[in-house]
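S.K.: Got a sequence here, can you model it:
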Amino acid sequence: MQLIIRNINFLKKGIGKMLKKNFILSLLFLSLILSPCCLYIFQTNQIVKVNESDNEVNRVIPSTPKSSAYAVSEKWNYTTANTVTAVAISADGKFMVIGTEYMTGSGEKYNSLFLRKTKTNETVWVYNTTQKVYSVAISANGKYIAVAAWNYSYLFNNTPSADKKPMWTAINLIPNHRYRTVDISATGDKIVLADYDKGMNGGASGNIYLLDNLFYSGNKINDVLWYNQTKFGDITSVAISGNGEYVVAGISSTAGPCDNVYFWKITGYTLGAEHPPMWGYNTAFPISSVAISYTGDHIVAGSSHDVAGDELFVFNKSADNGNPEWSHSLNSISVTSVAISETTGEYIAVGGDQIVDGGRVYLFNRSNYKGQPMWEYNPGSTTQSVAISADGKYIVAGTRWGIPGVFLFNKSADGVKVPEWSFKDNYFYASVSISSWGNYIAMGGEYASGKAHLFYHARPVPPALLPYIADDDDDDDEEGAIPFGNYYLIFAGIAMVALIVIMKRKAFLKQNK
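M.R.: Predicted structure coming up:
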């Protein structure tokens with residue numbers, strides 16, 4: 001360290017003088033100054049393309065016509081013995097969790113829960129829930145996986161294991177209730193879980209629970225951080241903000257003095273006791289899906305009804321008496337799924353179903369809503385699931401019945417909206433997920449058996465995001481900007497060493513004249 005300091009001081013004293021007398025030194029010094037600029041320019045402007053040889057399936061899926069879309073290639077697909085009911089991918093795209101219906105039998109394909117490494121298609125672990133998996137969620141860092149599976153709810157970590165066991169299991173916190181929906185915070189420290197009654201105890205009701213990842217005993221209601229009971233309807237959908245501070249739930253009630261959207265602030269509770277919501281709102285029709293932005297500032301909910309009441313509601317967390325900022329009627333399109341861009345809550349994706357002429361995919365701008373969506377698209381069949389990248393620039397939708405498939409859109413709306421890319425086969429894709437930057441697309445479906453797919457979308461990744469998105473051992477082309485820039489760093493280092501050596505040599509010769 002002292003040697004480095006002496007060299008720096010030496011440079012400071014003599015560099016100006018030397019540069020005036022030596023053209024070569026001047027060039028070296030100029031390259032040293034310009035190197036960081038070159039590094040920035042080449043990193044931020046390099047075009048990223050798919051490396052076809054890196055994909056196991058090694059094929060680009062035929063897509064609809066596109067003008068400026070990035071290529072999409074299939075990295076792998078995986079066939080299970082029964083229907084794939086739920087998929088989720090970590091924010092960085094490194095891990096994908098797959099849930100299926102339960103089927104008796106031996107071997108990996110008969111298990112009902114999998115964690116796979118997206119890069120290599122390696123199975124990290126499998127677990128047989130012995131129940132149908134209804135909902136899965138994975139923390140942004142990929143370390144924790146939450147599962148709702150009928151009589152059981154589980155929390156796993158992603159540590160490789162041949163005989164995987166959950167960190168904890170929640171078994172029927174309320175007798176005869178069933179788990180159907182779950183969500184997890186970005187760090188995995190908070191889990192929101194909901195059950196429903198569906199008349200098993202004489203009337204429809206449900207409970208929402210907040211748990212943490214240390215919920216080891218897992219079988220008593222007073223082990224939860226807090227809970228809340230809805231007495232007039234099942235809880236159909238829950239979501240927790242990425243920062244783990246807010247929770248939203250959608251209720252299926254159509255009767256009684258019951259709100260259909262509830263919003264909680266997580267703090268201020270008594271451990272193990274019932275925790276009232278900050279506000280509630282009665283949509284008068286069942287809520288099918290809810291979503292929340294990372295900070296919890298913005299909430300979206302969609303309602304579904306056979307005849308009327310199909311509507312999108314947009315709230316902020318400090319909603320005045322629970323009233324929405326705005327709502328939009330979708331007429332006869334029943335909302336099946338909603339998603340919101342996490343970083344700003346600016347863009348809202350909506351999937352819908354219409355019996356007569358197929359489903360819909362919509363994109364709304366939350367803060368610039370003008371009474372209509374930015375665009376809509378009719379895939380020709382029910383849109384069962386939608387997902388959106390964190391910045392809202394890419395939307396993926398999965399359809400079932402009619403013409404099943406998966407569609408990728410960008411947020412811009414120039415003329416008639418068409419997907420940038422689509423994938424169609426005989427499977428009904430009821431669950432889709434997209435990584436935070438939109439580079440990985442996960443989907444799960446059913447036909448004679450179940451199937452899960454992983455696709456790579458070659459959207460350029462900003463250099464600042466590479467440490468968070470790219471795997472250290474991943475040779476995907478999204479990391480291609482780094483080696484080219486490193487040449488400039490190496491050259492800058494050589495230039496500095498050369499300056500020091502030449503200047504010291506000149507000083508030595510001067511002293512010995």
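S.K.: Identify the residues contacting stretch 147-154?
M.R.: For stretch 147-154, contacts defined as Cβ atoms under 8 Å, 6 or more residues apart in numbering pick out 99, 112-113, 127, 129, 131-137, 145-146, 155-156, 166-172, 178-182, 193-194. Bear in mind the C-beta positions are built from the backbone N, C-alpha and C, glycine included.
S.K.: Got a quick PyMOL command for the buried subset of the residues you listed?
M.R.: Selection of the buried residues among those in PyMOL, burial being defined by 16 or more other Cβ atoms under 10 Å:
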select buried, resi 99+112+113+127+129+131+132+133+134+135+136+137+145+146+155+156+166+167+168+169+170+178+179+180+181+182+193+194
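S.K.: Return the subset of the contacts of stretch 147-154 lying in helices.
M.R.: Secondary structure defined by DSSP state H assigns none of these to helices.
S.K.: Sitting in strands, which of the contacts of stretch 147-154 do you find?
M.R.: Here DSSP state E is the test, and the contacts of stretch 147-154 give 99, 113, 127, 135-137, 145-146, 155-156, 168-171, 178-182, 193-194 as lying in strands.
S.K.: The closest residue to R178 other than its chain neighbours and G99, how far apart?
M.R.: Leaving out its chain neighbours, the residue that sits closest to R178 by Cβ to Cβ, 6 or more residues apart in numbering is W150, at 5.4 Å. Going from W150 to G99 by Cβ to Cβ, to the nearest Å gives 11 Å.
S.K.: pLDDT below threshold where in the stretch 51-200 of the chain?
M.R.: Where the stretch 51-200 of the chain drops to pLDDT under 70, the residues are 51-69, 198-200.
S.K.: can you map out the strands along the stretch 301-450 of the chain?
M.R.: Listed in chain order, the strands found in the stretch 301-450 of the chain under DSSP state E, counting those that start in this stretch are 311-316, 326-329, 334-340, 347-353, 360-365, 375-377, 382-388, 394-400, 405-410, 421-423, 428-434, 440-446, 450-457.
S.K.: same question, the stretch 101-250 of the chain
M.R.: 113-117, 122-127, 135-138, 144-149, 152-157, 168-171, 178-184, 190-196, 206-212, 226-230, 235-240, 246-251.
S.K.: Direction included, what does the fourth one pair up with?
M.R.: Partner strands for strand 144-149, per DSSP bridges, with pairing direction: strand 135-138 (antiparallel), strand 152-157 (antiparallel).
S.K.: Serialize those to TSV and add fields for distance to A390.
M.R.: TSV is the format used below for the strands paired with strand 144-149 (distance: least, Cβ to Cβ, whole Å):
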stretch	distance to A390
strand 135-138	15
strand 152-157	24
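S.K.: Looking at these, which is nearest to T295?
M.R.: strand 135-138 (18.3 Å; Cβ to Cβ).
S.K.: Show residues contacting the closest one.
M.R.: The contact list for strand 135-138 (Cβ under 8 Å, 6+ apart) reads 86-90, 95, 97-99, 113, 144-148, 179-184, 191.
S.K.: If we use 6 Å, what do you get?
M.R.: Contacts of strand 135-138 with the rest of the structure, by Cβ atoms under 6 Å, 6 or more residues apart in numbering, involve 86, 88, 90, 97, 99, 145-148, 181-184.
S.K.: and of those residues, the nearest to W279?
M.R.: Distance to W279, by Cβ to Cβ, is smallest for D183 among those, at 19.3 Å.
S.K.: So which of the contacts of strand 135-138 is the closest to D391?
M.R.: When the contacts of strand 135-138 are compared for distance to D391 (Cβ to Cβ), S90 wins out at 16.8 Å.
S.K.: From the chain's centroid, how far away is stretch 371-378?
M.R.: Here the centre of stretch 371-378 is set off from its chain's centre by 23 Å, with Cα atoms, centre = their mean, to the nearest Å.
S.K.: right, I mislabeled it, should have said stretch 297-311
M.R.: The answer for stretch 297-311 is 22 Å, by Cα atoms, centre = their mean.
S.K.: contacting residues around it?
M.R.: The contact list for stretch 297-311 (Cβ under 6 Å, 6+ apart) reads 248, 250, 261, 283, 285-292, 312-317, 327, 329-330, 333-335, 338, 340, 345, 348.
S.K.: so how far is A301 from the closest residue to P276 other than its chain neighbours?
M.R.: If the residues on either side of it in the chain are set aside, P276 comes closest to N228, at 6.9 Å by Cβ to Cβ, 6+ apart. Taking Cβ to Cβ as the measure, N228 and A301 are separated by 17 Å.
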